[in-house]
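S.K.: for reference, the sequence and a predicted model appear below.
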Amino acid sequence: MHDTQKIFLQQINENKGIIHKVAKMYMDNPLDQEDLFQEIVMQLWKAYPSFKGTSKFSTWMYRVALNTAIVFFKKDHRKVDKASLNEQIEIADFSDSHEKEEKLAYLYKAVQELNQIEKALIFLFLENQSHREIAQNLGITEVNARVKLNRTKEKLQQIIKKNGYEF
Amino acid sequence: MNFDQLKDEWNNNNAQHQEISEDMLKIKEARTPIDKIRKQMKQEFMLQVVSLVLGAFVPKIFDFSMPLKSTYLIFYGIVVAFCTYYFYKFYRFYKHSYDLSIDSRKNLLWFYYEMKLNVELYKALTYIIGFIMISFCATALFLTKNDLLARILEKLSLTYIVLNAFITILIIGVLTELWARFYYGKHIKQIKVIIDSLDEE
């Protein structure tokens, strides 16, 4: 294995949670999530020569991962699961950690009703990015990023409420 | 709904994931819309090359007369010249790499205009080949005026012939547009919708 490949694999494994989260945000079907995950890994490897090390690896990774997810379209033959949130997520355990996982599972299902850009906005917000960083990543103005993020949060709240879950 | 609490839970969720291995870097072809279009164009390119090679044998297969053969070769040469020019353009598009580490807006605009430009080039080539073929058929009819078809043509009115040529061109246009929309249009449309959703409201 080349040194470059070794360094890349080390860096990507340290940040692989980002790719998993992006894949789950953008695809609801586990097979599509796997496809998108592989596509992001491949695109990161292809784009690796463009990483000059002037920013953090994770910052560069956010861009490539999101840009890949935004233009990635699932295979046509796979049917979109239209079942409601409650049918999708079995509420089996009410312990604290399970409640948190359940909450995130509801979040992942709810974001499927957002468009590609709204998903990116929510993802970057949850990843603790400031309005300025969100704007830079998406190539829009800071004001536009703030307005869009607020609207997307409201939309997400309504989706979650509509599906009978409140948190 | 408390977004700050949700954010904390999101960041504290450290689910264990499988290691990314060296093998994952070698897998399959890319699946961005531009890669799909490139793949489609590559298949069509192969088909067009085969058609061009077969086209060279048309005078022999149909036993063309000497004047008709010469005319055919002139038209064939023009078609080959146009195809070479466009194939070179498509080849450049095929080999051109993209940079996904730029911001999303620039990235989407690059995808959108690159795809649109190449689909337009593809359509232009189809129109050109279509028109050249029609022109050759018209010239062939003129050259073979003793043939049955030419005699039938003499009995038809000029308006009827012009109308027929117009409808034929229209059919080529509609088929090309439908073909391009079916194979490439949906990806361009999807990207356009995403670009629009980035705009200020």
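M.R.: That came in fine, so what should we check first?
S.K.: output the lowest mean pLDDT helix or strand found in chain A.
M.R.: In chain A, no helix or strand scores lower on mean pLDDT, DSSP states H and E than helix A:85-88, which sits at a mean of 47.
S.K.: so after that helix, what's the next helix or strand?
M.R.: With elements assigned by DSSP states H and E, the helix or strand that comes after helix A:85-88 is helix A:96-111.
S.K.: for chain B, give me its nearest residue in chain A.
M.R.: Proximity of chain A to chain B (C-beta to the nearest C-beta) peaks at A:G139, 2.9 Å away. Quick note: C-beta positions are derived from backbone N, CA and C, even for glycine.
S.K.: got phi/psi on that residue?
M.R.: The phi and psi values for A:G139, taken as degrees, to the nearest 10, are phi 80, psi 30.
S.K.: ok, the closest residue to it other than its chain neighbours - contacts?
M.R.: Spatially, and ignoring its direct neighbours in sequence, A:G139 is nearest to B:R105 (2.9 Å; C-beta to C-beta, 6 or more residues apart in numbering or on different chains). B:R105 sits next to A:138-140, B:195, B:198 when contact means C-beta atoms under 8 Å, 6 or more residues apart in numbering or on different chains.
S.K.: could you do B:L108 as well?
M.R.: Taking C-beta under 8 Å, 6+ apart, we find B:L108 in contact with A:70-71, B:191, B:194-195, B:198.
S.K.: 6 Å - rerun?
M.R.: Residues counted as contacts of B:L108 (C-beta atoms under 6 Å, 6 or more residues apart in numbering or on different chains) are B:191, B:194-195.
S.K.: most neighbours among these, which one is it?
M.R.: Neighbour tally across the contacts of B:L108 (other C-beta atoms under 10 Å in any protein chain shown): the maximum, 25 neighbours, falls on B:I191.
S.K.: correct me, but it touches B:Y112?
M.R.: Yes. The criterion here is C-beta atoms under 6 Å, and B:I191 meets it with B:Y112 at 4.8 Å.
S.K.: I'd like to know how far the residue of chain B found nearest chain A sits from B:S197.
M.R.: Scanning chain B for proximity to chain A using C-beta to the nearest C-beta identifies B:R105 as nearest, at 2.9 Å. As judged by C-beta to C-beta, to the nearest Å, B:R105 and B:S197 stand 11 Å apart.
S.K.: residues near the nearest residue to A:F57 once chain neighbours are set aside, how many?
M.R.: What sits nearest to A:F57 in space, not counting adjacent residues and going by C-beta to C-beta, 6+ apart, is A:Q11, at 4.8 Å. Neighbour count of A:Q11, defined by other C-beta under 10 Å: 17.
S.K.: check the one 4 residues further on too.
M.R.: Burial measure for A:N15: 17 neighbouring residues, criterion other C-beta under 10 Å.
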